[in-house]
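Asks: Here's my sequence, what's the structure:
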Amino acid sequence: MTHQTTVLVIGGGGTGVGTARDLAMRGVDVTLVERSGLAGGTTGRSHGLLHSGARYAESDPEGAAECIEENQIIREIAGECIGDSGGIFVQLSEDDPEYFEAKLEGCQEHGIPAEVIDGDEARDRVPELSEDVVRAMVVPDGVIYPSRLVAANAASAENHGATVLTHAPVEGITVSDGAVSSVEIGGEVNETIEADYVINATGAWAGECAALAGVDVEMQPTKGVMVSVDYEGLEPVINRCRVPDDGDIIIPHQTQVVLGTTSVAVDDPDEFDEEQWEVQKMFEECADMMPAIEGRDIDRTWWGVRPLYAPDEAGRGSKDSGKGNERGISRGFFLLDHEQDGVENFASVVGGKLTTYRMMAEATADHVADVLGVEGESTTATEQLPGADDPEELDSLVAKYRARQPTDQDVISDLGEQAADD
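Replies: Numbering: from 1, shown residues only. You can find the predicted model right below:
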């Protein structure tokens, strides 16, 4: 059976569903396919930080500005898809004070609210902090619940006429006369899709998807571990104010905290070793900021794979478990128009951060609209997501799209879990 659509989006993570939503809101006929449940790749296996931009303030002015702008937009449109926790960057006695000052200066320069408090006040606000904290910077970080965010975007896309298909892996792409003529979909869908334009939004798997169309997209995926432990009552996100390194963030959920993360290059985003040293290092490093973390029972452990674009990583000298710029922390996103590769109706979007998913989707939708001659601008920044103010409705959408993933597994209600398993 053949399914006709104007735009086919391959990949059901944040950028994919965001692009489908944006195009559908412009009146474009869109179909999205995802090989598993939505958010099943990097999006749902991230640490779920809603960046204020402070993490990039001293190293990447453009990225910092994008993050604070999108942070504010997501707060307006996403409701219970996020946790408005706030965040702090803590300087321990061994950490470089000049790095703290550089980050503070960057925040002030790029419009990121930042308040400096001494160690005693930091412990008054967050009693769990180490006595070794000498000062802290309070910033508007937050927590993203990606299962809810992706499901709500998918529901909005469908409300505007899009088709969203889960458990629909791409098994082949046919290119004829310099354009994608058809895409073979397997799994529960098992049909051929013919589209005027195809977007590859498969993240770390973008190289594999592009190869099906005879296009080379060189990715350099890196794995990172997250560890969730029972720990009730922590309010802000805790960041270590040092050059980026393993185990420098603690993210609060309702009754748990998430410890993260490592950065180790892998050859295959589906096949890599899940190593115990990574888990142990999260406890060791995070306990320097919050000693009570040490010895806590692990509720769940998961690894995510970052969708890094190899040419960009080569330019910044990234490497396994690197620090600072070697870790490639200040990454942008890349929209690759494959017309220059001989496939005129095919593009890939790679890189970026979950916080800027909507901005990436808007840029991608702008490109497609320009190619197709579609008029109208993006309105995704001003229209609230479906169910945003109702956690139960959001969790029912998570179940509908089989989007319950490890990052926020403890937050999604049992109702959503049961429906997703049925």
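Asks: where in this protein is pLDDT low?
Replies: Filtered on pLDDT under 70, the chain yields the residue ranges 315-331, 414-422.
Asks: Per the annotation, how does it divide into domains?
Replies: What automatic domain parsing lists as the domains of the chain is 2-43+146-219+332-421, 85-143+221-305+319-327.
Asks: Give me the residue at the spatial middle of the chain.
Replies: Central residue of the chain (C-alpha atoms, centre = their mean): residue 354, 2.7 Å from the mean position.
Asks: Surely it touches residue 146?
Replies: Yes. Look at residue 354 against residue 146 with C-beta atoms under 8 Å: they come within range, at 6.5 Å. All C-beta atoms are positioned from the backbone trio N, CA, C, and that covers glycine.
Asks: any common contacting residues for these two?
Replies: 14, 43, 46, 48 (C-beta atoms under 8 Å, 6 or more residues apart in numbering).
Asks: Any idea how many residues pack against the third one?
Replies: Using other C-beta atoms under 10 Å as the criterion, residue 46 is surrounded by 29 other residues.
Asks: just the second one next, same as before
Replies: Using other C-beta under 10 Å, the number of residues around residue 43 comes to 29.
Asks: For the spatially closest residue to it that is not a sequence neighbour, what are phi and psi?
Replies: Once flanking residues are discounted, residue 43 sits nearest to residue 13: 3.7 Å by C-beta to C-beta, 6 or more residues apart in numbering. When read as degrees, to the nearest 10, the backbone of residue 13 gives phi -90, psi -170.
Asks: Distance from stretch 79-95 to the middle of the chain?
Replies: 17 Å (C-alpha atoms, centre = their mean, to the nearest Å).
Asks: Please tell me how far residue 303 sits from residue 240.
Replies: 21 Å (C-beta to C-beta, to the nearest Å).
Asks: count of neighbours near residue 133?
Replies: So residue 133, with other C-beta under 10 Å, has 25 neighbours.
Asks: With residue 256 instead?
Replies: 19.
Asks: what do you get for residue 104?
Replies: What residue 104 shows, counting by other C-beta under 10 Å, is a neighbour count of 21.
Asks: quick one: the strands in the stretch 251-400 of the chain?
Replies: Along the stretch 251-400 of the chain, the stretches classed as strands by DSSP state E, counting those that start in this stretch are 256-260, 264-265, 298-306, 333-337, 346-351.
Asks: any chance of those in a markdown table, plus distance to residue 404?
Replies: Output for the strands of the stretch 251-400 of the chain, formatted as a markdown table (distance: least, C-beta to C-beta, whole Å):
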| stretch | distance to residue 404 |
| --- | --- |
| strand 256-260 | 15 |
| strand 264-265 | 26 |
| strand 298-306 | 12 |
| strand 333-337 | 26 |
| strand 346-351 | 25 |
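Asks: wait, which of the ones you listed is closest to residue 195?
Replies: Nearest to residue 195 among the strands of the stretch 251-400 of the chain is strand 346-351; the distance by C-beta to C-beta comes to 9.7 Å.
Asks: Next one: the closest residue to residue 79 other than its chain neighbours relative to residue 145, how far apart?
Replies: The shortest distance from residue 79 to any non-neighbouring residue, by C-beta to C-beta, 6+ apart, is to residue 388 (3.0 Å). Applying C-beta to C-beta, the value for residue 388 to residue 145 is 12 Å.
Asks: now, which of the shared contacts of residue 354 and residue 146 sits nearest residue 31?
Replies: The shortest approach to residue 31 among the shared contacts of residue 354 and residue 146 belongs to residue 14, at 17.9 Å (C-beta to C-beta).
Asks: hang on, the closest one packs against residue 148?
Replies: No. Here residue 14 does not reach residue 148: they are 11.5 Å apart, not a contact under C-beta under 8 Å.
Asks: what does the biggest helix by length in the chain contact?
Replies: Taking DSSP state H as the criterion, the chain has its longest helix at helix 61-78. Here helix 61-78 makes contact (C-beta under 8 Å, 6+ apart) with 50-57, 81-82, 84, 106-107, 109-112, 140, 142, 144, 149, 152, 330-332, 353, 355-356, 358-359, 380-385, 388.
Asks: Helices of this structure, start to end?
Replies: So, for the chain - with DSSP H - the helices run 14-25, 61-78, 97-109, 119-125, 146-159, 206-212, 276-289, 310-316, 357-372, 391-400, 414-421.
Asks: what's residue 373 sitting at in phi/psi?
Replies: phi 80, psi 30.
Asks: Count the residues that sit near it.
Replies: 6.
Asks: Likewise for the one 5 residues further on?
Replies: The local packing of residue 378 (other C-beta under 10 Å) involves 20 other residues.
Asks: Quick check: closest non-adjacent residue to it.
Replies: residue 362 (4.4 Å).
Asks: Check residue 306 too.
Replies: residue 222 (4.9 Å).
Asks: what number of residues lie near the one you found?
Replies: 26.
Asks: same thing with residue 226?
Replies: Count around residue 226 with other C-beta under 10 Å applied: 25.
Asks: So the residue nearest to it when sequence neighbours are not counted versus residue 273, what's the distance?
Replies: Using C-beta to C-beta, 6+ apart and skipping residues adjacent in sequence, the residue nearest residue 226 is residue 260, 4.8 Å away. For residue 260, the distance to residue 273 equals 18 Å [C-beta to C-beta].
Asks: Check residue 77 too.
Replies: In terms of C-beta to C-beta, residue 77 sits 39 Å off from residue 273.
Asks: Nothing else from me, thank you.
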